[in-house]
Each structure stands twice: as structure tokens, then as C-alpha cells.
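K.L.:
Structure for the following, please:
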Amino acid sequence: KAYIQQAFLFEATSVDTAIMLKDKCLQLLETSASFSKKDRISRQYDLTNIGYSRLSRTQKDSVIDLKLDLISKMEQIDSRDFSKLAYMYRNISQNHKNNRTYDSSILYAKKSLGLLMKMYDSGNINLTSGIYALAYVYGAMGKYDSSEYYTLQSLKIKQKWFGKVHPSQLPERELYANLLTSANKFEQAEEMLKINFELSKQKYGLYHRITGDNLFTLLQHYNWRRQYEKNIELYPLLIKIDSVVLGKTYDAAASIVDYGNSLFALGQTEEAIKQYTKSLEITEFSKGKDSFQYGMGIFCIAKVFKKKNQPKQALLLMDSALTIIENDMSENHPRIGNYQQQYASLLEKTGDYEQSNQYHLLAIKNYEINYLKKSPKRIAYFQKEYAKSLQKQGLKDSANVMMQLAEQNLERQRLMNKK
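P.N.:
Residues are numbered from 1 along each chain as shown. Purely as a prediction, here's the structure:
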């Protein structure tokens, strides 16, 4: 039990240590006679979550298969332990959500909620974990009406038990704020996120991970609205919280990169480079030079050189960064498409149209895989940028075809918005 608790604590700060502790736990589970069969399966399941985030897509699929096998064994031993089984299914739903296999995520979230409903009456506080899980997946899918329905249902139950505003409602309120942002109700969303930050400070104190997470979400809202002046006022506070709570970790480095991006957007390029360099030092310490985070930091510095009209230096850095990013991230991850498009733009600036065209097409293909069903306007943007490049190359017919494809995607978006 002590090893398991330590493993989950180290998961946030040192994954290698967490995995070492996980291996010790698994050895004890195999060799010790003090565990019941049910307890052994339960703990084996919990341990599958240690180190999951750093696995490749194929490895993650294998872990999900293992989880389903453990659930099957649990059902054979005690099919009436609805609470434990509901947690297991909800956990798998989250894994599928992160893998963007949304149909499977919805399937297991519904199974989880169905099991909870066998235990509790409508309006029971214990139902909210299952209801919120559904709301969260629907939000990730872009099905905002369904997400709003379940979010408000969960909020209604919690408000009945705890009052109108309570720290237990932080997840629902954050999700609802994101839905308000999607509906262009920015001021309402901002107010809700501000209240969440104050609630988390009151409940957990300033130097707590949940408080930092709520401040980070508020800052992401400002990023979305390009309110960078507000960002640079608050990011130093987030970085201070991260340094106290997390130390030299991936999350702390990510906050520093975001701070650098806000400075960069405001034209403070030298200060931005300082932040990016600081992020690289932390990332090298916590994740290594072959991690996505490290590649992203290099990519950000490359953008500064591009802005300074030093394309050759920018290209060397961006080429190195993209290789790291593509090797570390799962195939067809949407972030890869974003970086490929920026790389294509820089190649175009240096006059390498052949390779630029190749990366424009890779970026478009990536976004078609990720956004055709929920946000085709994103694809249209890439297609328009590629059409402009083709126009510069004198390939007018190809440019016209690409513009037509972009208009088709914009029409898809208009139809989706009407629905």
C-alpha cells in the first residue's frame, strides 16, 4: 500500500521513480499471500495508470486490453461491486478520450454511469462522477449541447447538496466555462474561471496543484482571446506556484513556455527567449531532450528567429524540433499538424517550395483526420494558406482547387453551427 501511494505521488514529479515503485508493487502482488484475489486484481488495475501517459499509442492500446481483461476477472469474482466496476469503466473511458477514440470513450462512460444508477437514486451526489465523465467526453468530441446537458445535470445535483458555489463544483464549472467560450460568451466564461481560481485558493491555499490548474485554465482563456497583457501579469504567479508544488517538472516547463508565448505575442522577443531557454533546461532535467516538450521549446525559439527575419537559423532549429515532436507524439496527433504547417510556411519563405508543398499536404491530412467531423474550419485555414503558396508558385489551377476545398469545409462548418 505504501509503494502504491508513493508511486502515484511520484507520477507527477518523477515518472521513472513511479515506474520503479510500480514494479515493486507488482512483484509483491505476485509473491505475497496476504492479498485476496479481488484485492490483487483491483490493485493491478490501479497500477496500470502509472506511466501510462508516456507510452506509445500501440502500448496504450495494449494497456487498455489488459484493463478490460482485469475488469472481466473482477466481474467474475464480484459482479455486484458496482462502485469499483464503475470506476474501472470510467477510467478506461478517460483513456479512450485521451486517445481520441471517442465512440469507445462514450461507451465506457455510459457503462460507468449505468452501474452507479444501479446503486443510487436520481439526484444522489454519488452519481455526479459518472455524469461529469459523460459531459467531459462530449465536450472533447465537440458535441457541446450534450456536454452542456450533462454538465448542468451534475452541477444541479451538487448545488442541491452543497449550495450554489462550492469547491466540489470546480470541474463542472471549468467545463461549463469552456462551453461558454465555444459559444462566444467570453465575459461569462472569464467570470466563472476567476471565481474558480478564488474558490480553489480558499479551499486548498495558493500553493496547491488544484489552485495552479485553475489559474492555468484562466490563463488559457486569456490566450484564446489574445489578451496577452492580462497573461503576462499572472504567469509569474503560476510559475511560482508550479515551482513550489511541482519543482522541475514537465508541467512547470509548460507554464514557462506559455509565458514565453505571451511575451512573444507582445513583441518582447528577448524576454521570450529567456523563458523558452529556462523551459528547455527544466525539460531536459525532467523528461530529456527527446521529449515533445523539449522539441516544442526549440520550435518556439525558431519562431523568434523567423520573426527577426533570420530564416536559415530558424529552419535549422525548426527542422530539429519537428523531428523530436514527430518521434515522441502519437501518430496523427493534431499538434503535429500545427507544427507541420508552420514548418511548411518557413520552408516557403526560404524558397524550398518542393518540401514546403509536402509539409502543407501533411498538415492538411493531419487536420482532416482530427477535425473533419467537429471543426472543418481548421482544415479550411490550412487549405487557404496552401492555396496562397501555390499562387505564389504560379500554380493557379492547383491554387483554385485548394480554395474550393477550403470553401467546402467552411460550408460544412456553417451547417454544423446551424445544427
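K.L.:
Residue 223 - nearest residue in space that isn't next to it in sequence?
P.N.:
With sequence-adjacent residues excluded and distances taken as Cβ to Cβ, 6 or more residues apart in numbering, residue 223 is closest to residue 231, at 6.6 Å. Every residue, glycine included, has its C-beta placed from N, CA and C.
K.L.:
how deep is the one you found tucked in, by neighbour count?
P.N.:
Neighbouring residues of residue 231 were enumerated by other Cβ atoms under 10 Å; the total is 24.
K.L.:
Do me a favour and get the backbone dihedrals for the residue positioned nearest the centre of the chain.
P.N.:
Nearest residue to the geometric centre of the chain (Cα atoms, centre = their mean): residue 98, 7.3 Å. In terms of degrees, to the nearest 10, the main-chain angles of residue 98 are phi -70, psi -30.
K.L.:
Retrieve the pLDDT associated with it.
P.N.:
Residue 98 is assigned 87 on the pLDDT scale.
K.L.:
quick one: it from residue 77, how far?
P.N.:
Spatial separation of residue 98 from residue 77 under the definition Cβ to Cβ, to the nearest Å is 28 Å.
K.L.:
shaky segments in the stretch 301-419 of the chain?
P.N.:
Residues of the stretch 301-419 of the chain meeting the criterion pLDDT under 70: 419.
K.L.:
Tell me where it has helices.
P.N.:
For the stretch 301-419 of the chain, helices defined by DSSP state H, counting those that start in this stretch occupy the ranges 311-328, 334-349, 353-371, 376-392, 396-418.
K.L.:
what are the C-alpha coordinates of the longest one, in CSV please?
P.N.:
Extracted C-alpha coordinates of helix 396-418, given in CSV (Å, rounded to 0.1, in the frame of the first residue of the first chain):
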residue,chain,number,x,y,z
LYS,A,396,-3.1,28.9,-60.4
ASP,A,397,-5.2,25.9,-61.2
SER,A,398,-4.0,24.0,-58.2
ALA,A,399,-4.5,27.1,-56.0
ASN,A,400,-8.1,27.4,-57.2
VAL,A,401,-8.8,23.7,-56.5
MET,A,402,-7.4,24.1,-53.0
MET,A,403,-9.5,27.3,-52.4
GLN,A,404,-12.6,25.4,-53.5
LEU,A,405,-11.8,22.6,-51.0
ALA,A,406,-11.4,25.2,-48.3
GLU,A,407,-14.8,26.7,-49.1
GLN,A,408,-16.4,23.3,-48.9
ASN,A,409,-15.0,22.9,-45.4
LEU,A,410,-16.3,26.3,-44.4
GLU,A,411,-19.7,25.4,-45.7
ARG,A,412,-19.6,22.2,-43.6
GLN,A,413,-18.8,24.4,-40.6
ARG,A,414,-21.7,26.7,-41.3
LEU,A,415,-24.1,23.7,-41.5
MET,A,416,-22.7,22.3,-38.2
ASN,A,417,-23.2,25.6,-36.5
LYS,A,418,-26.8,25.8,-37.6
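K.L.:
between it and helix 353-371, how big is the angle?
P.N.:
Relative orientation of helix 396-418 versus helix 353-371 (axes from the mean of the first three to the mean of the last three Cα atoms, to 10 degrees): 20 degrees.
K.L.:
elements contacting helix 396-418?
P.N.:
helix 376-392 (3 or more Cβ pairs under 8 Å, 6 or more residues apart in numbering; DSSP states H and E).
K.L.:
Would you mind listing the residues in contact with the closest residue to residue 305 other than its chain neighbours?
P.N.:
Counting by Cβ to Cβ, 6+ apart, residue 314 is the residue found nearest to residue 305 once chain neighbours are left out, at 3.8 Å. By Cβ atoms under 8 Å, 6 or more residues apart in numbering, the contact list for residue 314 reads 302-303, 305-306, 346.
K.L.:
cutoff 6 Å now
P.N.:
Residue 314 makes contact with 302, 305-306, 346, according to Cβ atoms under 6 Å, 6 or more residues apart in numbering.
K.L.:
Quick check: the two most widely separated of the residues you listed?
P.N.:
Greatest spatial distance in those: 305 and 346, 9.5 Å, computed using Cβ to Cβ.
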